[in-house]
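Undergrad: Show me how the following folds:
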Amino acid sequence: MTGLEIWLLAVGLAMDCFAVSIASGIILKRARLRPMLVMAISFGFFQALMPLLGWIGASFFSHLIESIDHWIAFGILAFLGGRMIMESFKDEDCKHEYDPTSLKVVLALASIDALAVGVSFAFLGIKQFSAILSPIGIIGFVSFALSMVGLMFGIRFGCGIARRLRAELWGGIILVIIGTKILVEHLFF
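TA: Presented below is the predicted three-dimensional model:
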């Protein structure tokens, strides 16, 4: 994967955090640094940890399926992206019944979709631990940053901004495009 692809993948994954953060900002109603930092750091940490865990697990058997690894990477990214796209069309109201300041809630909201992305990293030929550090660092940073921005958007603009931005839709589209590019490159180049 190129550096640009890693950044785009990070943005695609972080869009889920962004959408949840907007909803959490709506609930918070005012900027409170501590709960905002806890949420953003938790999202960044778990969005970085999950690909690492997925990569570690898949690295043990990736050599057994080298002939179809590009199909698996495409399938994972297309599934995750497709699910995000479908969820973006759900008509949800802005009334959420959770406490975004609770660490337990924040941990539950942190997405495990990134675990599947880590699996795809192993199938794309990332073999060494040092090679996975840059992608997971970028994913963690982008997730943290977009979570903070999402919280501020939710606090400042309320429910209307969440519907207009369509963060999950754009994140899903990015993941599907990256998955398709991986497949096309392996099949034709």
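
Undergrad: give me the element the nearest residue to G75 once chain neighbours are set aside is part of.
TA: In space, and not counting its chain neighbours, G75 is closest to G179: 7.6 Å by Cβ to Cβ, 6 or more residues apart in numbering. In short, each C-beta sits where N, CA and C put it, glycine included. Assigning secondary structure by DSSP states H and E places G179 in helix 167-188.

Undergrad: Let me see the contact set for G171.
TA: Applying Cβ atoms under 8 Å, 6 or more residues apart in numbering to G171 gives the contacts V11, G12, L13, A14, M15, D16, F18, A19, G81, M84.

Undergrad: Please tell me which one of those counts the most neighbours.
TA: For the contacts of G171, counting by other Cβ atoms under 10 Å, the largest number of neighbours falls to A14: 31 neighbours.

Undergrad: wait, isn't it in contact with Q47?
TA: Yes - between A14 and Q47 a contact is recorded at 6.6 Å, counting by Cβ atoms under 8 Å.

Undergrad: between the two, what contacts are shared?
TA: Counting by Cβ under 8 Å, 6+ apart, the residues touching both A14 and Q47 are I139, S143.

Undergrad: circling back to that earlier point, quick one: buried residues of the helix holding G179?
TA: 167-179, 181-183 (16 or more other Cβ atoms under 10 Å).

Undergrad: same check, this time on stretch 114-132
TA: Neighbour-count burial for stretch 114-132 flags 114-124, 126, 132 (criterion: 16+ other Cβ under 10 Å).
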